[in-house]
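Participant: I would like the atomic coordinates for the input below:
(one chain, ligands or ions: 2)
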Amino acid sequence: MKNNCGWLKKRPVPGPGSDLATWSDRHSQIFGLEPHDVKHSWSSFVHLVDPEDRARVQLAILTALKPHGALEVEYRINRPDGRARWVMSKGRTYCDSAGEPMRMVGLTMDITERKQLEHDLLKTQSDLARVSRLLTLGELTSSIAHEVNQPLVAVVTNGDACMRWLTAEPPKLDKVRESLVWIVKEGKRAGEIIKRIRELAKNKAPQKTELMINDVITEVINLAGSELSNNQVTLRTEFASDLPTVCGDRVQLQQVILNLIANAIDAMKSIHQHPRELSISSRATDDGQILITVRDCGMGVEPNILENVFKAFFTTKKEGMGLGLSISRTIVEAHGGRMWALSNNDQGATFQFTLPMVAGAHA
Ligand SMILES: Nc1ncnc2c1ncn2[C@@H]1O[C@H](COP(=O)(O)OP(=O)(O)O)[C@@H](O)[C@H]1O
Ligand SMILES: [Mg+2]
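Facilitator: Ligands and ions are numbered 1, 2, ... in the order given. Next up, the predicted model:
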């Protein structure tokens with residue numbers, strides 16, 4: 001249901017002080033009121049706004065109640081028949097000849113269906129992102145198993161040593177202590193890796209926190225470490241040491257980097273004539289962004305399809321889904337950044353993305 005009409009605010013303005021509103025019949029219908037039900041007052045309108053949105057709507061209207069002020073606000077209403085709806089109100093403030101705000105005229109639209117679609121779309125995007133993340137994690141299974149296995153091997157080896165030091169005559173307690181310190185450290189390391197993987201696999205709502213991007217990248221590199229060495233890829237990192245923090249969802253940003261690394265490994269699999277090198281770097285730009293660069297020397301991307309690689313379901317791989325880069329770009333843009341691809345002059349491709357620094361943050 002669309003439309004219509006709005007409020008009239010008469011002197012004294014600004015604000016709801018005059019408590020006078022005029023609604024059209026359609027406007028009343030949107031709010032679930034019979035025309036004769038409508039009490040022409042500001043307070044009866046405010047009463048229909050969902051309590052969670054009330055302060056925001058009041059603020060938006062008060063802010064718009066100034067010369068040439070404009071209102072545009074989306075909010076939920078609770079109709080008397082018990083149905084909750086999403087609506088959007090738009091309005092303009094008109095002034096008298098002295099330039100004093102005299103009334104606001106506007107209209108209200110029912111946008112419930114649009115909001116539902118937006119919600120469904122977000123849910124689908126998040127489900128797809130998780131599927132893609134699980135697929136990338138699947139590609140890295142052996143690498144991850146290796147990363148978990150390493151500390152466990154260290155725990156067992158140190159445990160064996162402990163037994164020997166304890167049964168020695170006299171028992172070498174210093175050595176036992178030393179081994180136990182290792183056991184605790186390595187046990188924690190295995191636990192950390194498992195925790196990280198579980199977080200990547202979980203379907204958690206995104207949660208933005210202040211992050212050091214270099215830590216996020218390092219955690220992903222640790223997961224992919226043996227996949228890199230199994231594929232004879234040498235990794236070079238160049239992280240600016242004094243980077244300010246970024247505000248982001250750790251799991252989502254790890255997903256972006258994981259996908260770029262997995263793609264780079266794939267792109268270098270067919271390269272045998274020169275060493276396979278992957279370089280990952282981070283630095284601050286002059287315009288308040290942090291720039292992350294992932295550069296490989298693989299088969300490269302033809303300059304004319306540099307944009308296509310970000311399209312959903314674009315893949316050149318037999319078993320590819322073609323979702324990684326489109327999801328990565330969506331994630332980066334939802335963080336206020338940008339992502340693009342470059343074709344290297346010599347060999348391979350470079351993927352870059354930016355993230356805004358947290359204002360005033362210091363590393
Ligand atoms: N580092 C890279 N080098 C060359 N081509 C790449 C690189 N990364 C991505 N591509 C191209 O972009 C396509 C889409 O990548 P992506 O969205 O991650 O999906 P997928 O990896 O499932 O194919 C790949 O199939 C490949 O053709
Ligand atoms: Mg991919």
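Participant: Could you check which residue of the stretch 51-200 of the chain lies nearest ligand 2?
Facilitator: With distances taken as C-beta to the ion, the stretch 51-200 of the chain approaches ligand 2 most closely at residue 136, which sits 6.6 Å away. Where you see a C-beta, it was placed from the backbone N, CA and C, and this is true even at glycine.
Participant: which ones are touching that residue?
Facilitator: With contacts defined as C-beta atoms under 8 Å, 6 or more residues apart in numbering, residue 136 is in contact with 255, 258, 259, 262, 324.
Participant: Next up, identify which helix or strand it is on.
Facilitator: If you go by DSSP states H and E, residue 136 is part of helix 112-139.
Participant: residues contacting the residue of the stretch 201-350 of the chain found nearest ligand 2?
Facilitator: The nearest approach of the stretch 201-350 of the chain to ligand 2 comes at residue 324, 3.0 Å away (C-beta to the ion). Residues in contact with residue 324 (C-beta under 8 Å, 6+ apart) are 132, 136, 259, 262, 263.
Participant: Sticking with residue 93, tell me its helix or strand.
Facilitator: Of the helices and strands defined by DSSP H and E, residue 93 is found in strand 84-95.
Participant: Return the set of buried residues in that strand.
Facilitator: Of the residues in strand 84-95, those with enough neighbours to count as buried (16 or more other C-beta atoms under 10 Å) are 85, 86, 87, 89, 91, 93.
Participant: same check, this time on stretch 277-286
Facilitator: Under the neighbour-count criterion of 16+ other C-beta under 10 Å, stretch 277-286 has 277, 278, 279, 280, 281, 282 buried.
Participant: now do stretch 253-264
Facilitator: Along stretch 253-264, the positions that meet the burial threshold by neighbour count (16+ other C-beta under 10 Å) are 253, 254, 255, 256, 257, 258, 259, 260, 261, 262, 263, 264.
Participant: Looking at the residues you listed, which one is closest to residue 358?
Facilitator: Of all the buried residues of stretch 253-264, residue 253 has the smallest distance to residue 358: 13.7 Å, by C-beta to C-beta.
Participant: now for the helix or strand of the chain with the lowest mean pLDDT, which elements pack on it?
Facilitator: Confidence across the helices and strands of the chain bottoms out at helix 42-48, with a mean of 82, counting by mean pLDDT, DSSP states H and E. Contacts of helix 42-48 with other secondary structure elements, assessed using 3 or more C-beta pairs under 8 Å, 6 or more residues apart in numbering; DSSP states H and E, are made with helix 51-64.
Participant: Residue 30 versus the closest residue in space to residue 313 that isn't next to it in sequence, what's the distance?
Facilitator: Nearest residue to residue 313 in three dimensions, chain neighbours excluded: residue 322, at 4.3 Å (C-beta to C-beta, 6 or more residues apart in numbering). Computed with C-beta to C-beta, to the nearest Å, the distance linking residue 322 and residue 30 is 42 Å.
Participant: between these two, who's got more neighbours?
Facilitator: A count of neighbours by other C-beta atoms under 10 Å puts residue 30 above the other of residue 322 and residue 30, at 24 against 17.
Participant: quick one: the strands in this protein?
Facilitator: In the chain, the segments counted as strands under DSSP state E are 70-78, 84-95, 101-110, 208-211, 233-239, 246-249, 276-284, 289-296, 339-343, 349-356.
Participant: got the angle between the second one and helix 112-139?
Facilitator: Note on geometry: by axes from the mean of the first three to the mean of the last three C-alpha atoms, to 10 degrees, strand 84-95 and helix 112-139 are set 120 degrees apart in direction.
Participant: Now do strand 84-95 against strand 101-110, angle only.
Facilitator: The directions of strand 84-95 and strand 101-110 differ by 150 degrees, with the same axes, to 10 degrees as the criterion.
Participant: which strands and helices sit next to strand 84-95?
Facilitator: On a contact count with 3+ C-beta pairs under 8 Å, 6+ apart, strand 84-95 meets helix 51-64, strand 70-78, strand 101-110, helix 112-139.
Participant: deepest of those, which one?
Facilitator: Greatest average neighbour count among the helices and strands packed on strand 84-95 goes to strand 101-110 (a mean of 20), per mean count of other C-beta atoms under 10 Å.
Participant: In the stretch 201-350 of the chain, where is pLDDT below threshold?
Facilitator: Low-confidence segments of the stretch 201-350 of the chain, defined by pLDDT under 70, are absent; every residue clears the threshold.
Participant: near ligand 1, which residues of the stretch 151-300 of the chain show up?
Facilitator: Residues of the stretch 151-300 of the chain lying close to ligand 1 by C-beta under 6 Å from any ligand atom are 259, 263, 264, 267, 296, 298, 299, 300.
Participant: just curious, which of those is nearest to residue 335?
Facilitator: Minimum separation from residue 335 among these (C-beta to C-beta) is found for residue 259, which lies at 14.9 Å.
Participant: which stretches of the stretch 151-300 of the chain form helices?
Facilitator: Across the stretch 151-300 of the chain, reading from the start of the chain, the helices by DSSP state H, counting those that start in this stretch fall at 173-201, 213-230, 250-268.
Participant: got the angle for the longest one vs helix 250-268?
Facilitator: Pointing back at helix 173-201 there. Orientation check (the same axes, to 10 degrees): helix 173-201 against helix 250-268 gives 90 degrees.
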